[in-house]
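1. Model the following, please.
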Amino acid sequence: MIKLRIDVDYPYPSRLQSFLFTVLNSKTSKNYLKNSKIIAKMVNASPKEVKAYWFFTPQTTPDRELLELLLPSRHEVALHVANNAYPELELLEKATKRKVKYYTVHGTARLLARLMWRRKIWEAIAQIPDGFPLKNFWDFPTLGLDLVCYANPTAQAVKIAENSIAKGEVLHIHPEWLFQRGTLNHRGPYYETLKTILHADTEFEGLVVRKKGFAKIASYAGIGKYSTREYERDFVPAEEFKEKLAERGVDLFTFLERKWCCNIPNPPKNWVKAEDAIALLQVTTYRDWRNGIGKKTRNMVRKAEKSGVTTATVEPSEKLVEGIWKIYNETPIRQGRAFQYFGISRELVKAGVLSARGCTFIGAFFQDELAGFIQLVHGDNVAIISQILSLQKYWDKAVNNSLVAKAVEVCAASQIQWIMYGRMGNHPSLDSFKQSNGFTKFSLTRYYIPLTRKGIAATALGLHRDFKDTLPQWLKNPLFPVFNWVSRTKMKIRFMLRTR
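-> You can find the predicted model right below:
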């Protein structure tokens, strides 16, 4: 069983708002116990066996909405003593109409906090009278999860928490640090870790939130050049999905309309549109594709065959990992730009290759060496070229052309109608390669949905789009050499700093 100890010290996500409320003893219904309600919903939605013990102070007494979420089968109301144990116990039981069994004591290390809580300045914690009828929850072995999440990345924090659960320990959290980081007390943010442990909010798996200016933008695009999830499935966000995103502090949600197979009829007027462009190839048969490409490209495919390059689908294996790792680390510069995977460890490559799901690897081999590879990601009615890379020492053998040809052959045999090969318009030489292999520029609509007032302001100011996507193509073209030079220079500086 997963056991949670939740100390509800402050009622609002904003520390300043909570401090003012505590000092003035005046509350507003907006955002009252907002993070606590999110946690309660996550606990209720979890398929795991969970018991949450909620420790409330007089300033954080649960309102009706939170009480309805605190199902007795999964939640237990408890007392977080602030000043006077007996009166606070009576107040909590009266307000919640529940029998309280456990208590903890609210501690305040700083003088200002003691004054704010109207405590005697020499008292760091309230005194518990002899014979107090509740059981002290401090008697249970506990792990401070928000402390762990401050000091560790999510994956490591999850491992630490799971080991703690296996030992029967209670995970201790404070709702105010669910999304934010406490610089002075070294707590949080722990939402991603808690979500993973509880296996809750599963619809947000793969969702990436980035901050741009004052707004937080969420999407399934992922981070990096080879993100494909947006293109794999048709997706139209439901109202509940958008409400949950807004609850979690997201201001904008963006997604793509896969126009080649699914149009969105009558989108709401507040959805802000932007044009996006991808490289798309419609597949009928391999022969049709071969007849449709130019003579020069057909000759390149034949050249690869005559040079002794062979292609085949390959299963993930240690041998494939070794070959891909060598390709990644052959050169720091590809197509005139810094190559983001140069210097990657073999262990990371292995983790990525062996854990890959829903995809096909195609290898190109020369004299039993992996000369290049394609990773095809399979979606609904589409295969996406996630990666296509080859060793530079074999570029004279047209390895990449042979890989594209094999990808078309594989998709035609599997009756996959479309192949997508990334975006178009941001890399002239790569765009030319795509077009020569039968891909055409296909326009998509990207929607930006404002979820908050910040989101509305961000779209009004044009902050929702990347700067490079707002430039017209005629202005982009002369800037590409500059961008490439900046990219290479940054990499050189990083290597210089590493070697010092």
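2. who does the residue nearest the centre of the chain bridge with?
-> With distances taken as Cα atoms, centre = their mean, Val208 lies nearest the centre of the chain, 3.2 Å away. Beta bridges link Val208 to Ser219 when assigned by DSSP bridges.
3. in terms of contact, does it touch Ala218 like I think?
-> Yes: Val208 is within contact range of Ala218, at 7.0 Å (criterion: Cβ atoms under 8 Å). For glycine as for every other residue, the C-beta is placed from the backbone atoms N, C-alpha and C.
4. tell me which element Tyr10 is part of?
-> Using DSSP states H and E, Tyr10 falls within no helix or strand.
5. can you tell me how far Ala338 sits from Tyr328?
-> Per Cβ to Cβ, to the nearest Å, Ala338 is found 13 Å from Tyr328.
6. out of those two, which sits in the busier spot?
-> Set Ala338 next to Tyr328 and count neighbours by other Cβ atoms under 10 Å: Tyr328 wins out with 20 against 17.
7. List the contacts of that one.
-> For Tyr328, the contact set (Cβ atoms under 8 Å, 6 or more residues apart in numbering) comprises 339, 341-342, 344, 349, 389.
8. now, which of those sits nearest Cys262?
-> Closest to Cys262 out of the contacts of Tyr328 is Leu389 (30.5 Å), distances taken as Cβ to Cβ.
9. Quick check: closest non-adjacent residue to that closest one.
-> Excluding the flanking residues, the one nearest Leu389 by Cβ to Cβ, 6 or more residues apart in numbering is Ile327, at 5.2 Å.
10. Go ahead and confirm that neighbour touches Gln375.
-> No: using Cβ under 8 Å, Ile327 is not in contact with Gln375, being 11.7 Å away.
11. Report the two of the contacts of Tyr328 separated the most.
-> Phe339 and Val349 (13.8 Å).
12. Report the buried residues of stretch 81-94.
-> Judged by neighbour count using 16 or more other Cβ atoms under 10 Å, the buried positions of stretch 81-94 are 81-83, 85, 88-89, 91-92.
13. neighbouring strands for the helix or strand encompassing Asp276, and are they parallel or not?
-> Element membership for Asp276 (DSSP H and E) is strand 272-282. With DSSP bridges as the test, strand 272-282 is paired with strand 418-423 (antiparallel), strand 440-450 (antiparallel).
14. just the CA coordinates of the helix or strand just after it, formatted as CSV?
-> Going down the chain from strand 272-282, the next helix or strand is helix 286-292, by DSSP H and E. Taking C-alpha atoms only, helix 286-292 is exported to CSV below (Å, rounded to 0.1, in the frame of the first residue of the first chain):
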residue,chain,number,x,y,z
TYR,A,286,7.0,0.4,-54.3
ARG,A,287,7.0,0.4,-58.1
ASP,A,288,4.8,3.5,-58.2
TRP,A,289,7.2,5.3,-55.9
ARG,A,290,10.2,4.3,-57.9
ASN,A,291,8.6,5.5,-61.2
GLY,A,292,7.5,8.8,-59.5
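15. Determine the set of other helices and strands touching helix 286-292.
-> Applying 3 or more Cβ pairs under 8 Å, 6 or more residues apart in numbering; DSSP states H and E, one finds that helix 286-292 contacts helix 399-413.
16. what's in contact with the helix it packs on?
-> In contact with helix 399-413 (Cβ under 8 Å, 6+ apart) are residues 281, 283-286, 289-290, 297, 300-301, 303-305, 309, 311-313, 360, 362, 364, 366, 371-374, 376, 383, 385, 388, 390-391, 419, 433, 437-438.
17. can we see that at 6 Å?
-> 283, 285-286, 289, 300-301, 304, 309, 311, 362, 364, 371-372, 374, 383, 388, 390, 419, 437 (Cβ atoms under 6 Å, 6 or more residues apart in numbering).
18. Filter the residues you listed down to just the ones in helices.
-> Under the assignment DSSP state H, these contribute 286, 289, 300-301, 304 to helices.
19. Quick one: the residues you listed as JSON lines, columns for distance to Met496, pLDDT and neighbour count too.
-> Putting the ones in helices among the contacts of helix 399-413 into JSON lines (distance: Cβ to Cβ, whole Å; pLDDT from 0 to 100; neighbours: other Cβ atoms under 10 Å) gives the following:
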{"residue": "Tyr286", "distance to Met496": "48", "pLDDT": "96", "neighbour count": "16"}
{"residue": "Trp289", "distance to Met496": "46", "pLDDT": "96", "neighbour count": "21"}
{"residue": "Met300", "distance to Met496": "38", "pLDDT": "95", "neighbour count": "21"}
{"residue": "Val301", "distance to Met496": "41", "pLDDT": "95", "neighbour count": "20"}
{"residue": "Ala304", "distance to Met496": "38", "pLDDT": "95", "neighbour count": "26"}
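20. and of those, the nearest to Thr254?
-> Thr254 has its nearest neighbour among the ones in helices among the contacts of helix 399-413 in Trp289, at 32.7 Å by Cβ to Cβ.
21. Help me confirm that Gly157 comes into contact with Tyr150.
-> Let me fix one detail, which is that residue 157 is Ala and not Gly. No: in terms of Cβ atoms under 6 Å, Ala157 does not count as a neighbour of Tyr150; the distance is 9.1 Å.
22. The residue nearest to the centre of the chain and Phe253: what is the separation?
-> In terms of Cβ to Cβ, Val208 sits 11 Å off from Phe253.
23. try Leu79
-> Noted for Leu79: a distance of 39 Å to Phe253, by Cβ to Cβ.
24. cool, and Lys269?
-> Shown here: Lys269 relative to Phe253, a distance of 16 Å by Cβ to Cβ.
25. One more: Met496?
-> Separation of Met496 from Phe253 (Cβ to Cβ): 40 Å.
26. Which one's more surrounded, these two?
-> Phe253 (24 against 9).
27. Tell me what that one is bridged to.
-> Where Phe253 sits in a bridge, its partners, by DSSP bridges, are Ala218, Ile449.
28. Hmm, it is touching Ala218, no?
-> Yes: taking contacts as Cβ under 6 Å, Phe253 lies within contact range of Ala218: 5.0 Å.
29. Mutual contacts of these two, please.
-> Leu245.
30. I'd guessed Pro11 sits against Thr60; true?
-> Yes: between Pro11 and Thr60 there is a contact at 4.9 Å, judged by Cβ under 6 Å.
31. one step back: and the furthest pair within the buried residues of stretch 81-94?
-> The farthest-apart pair in the buried residues of stretch 81-94, when distances are taken by Cβ to Cβ, is Asn83 and Leu92, at 13.2 Å.
32. any residues touching the longest helix belonging to the chain, and which ones?
-> Counting residues, the longest helix in the chain under DSSP H turns out to be helix 480-499. Contacts of helix 480-499 from elsewhere in the structure, counted by Cβ under 6 Å, 6+ apart, are 332, 336-338.
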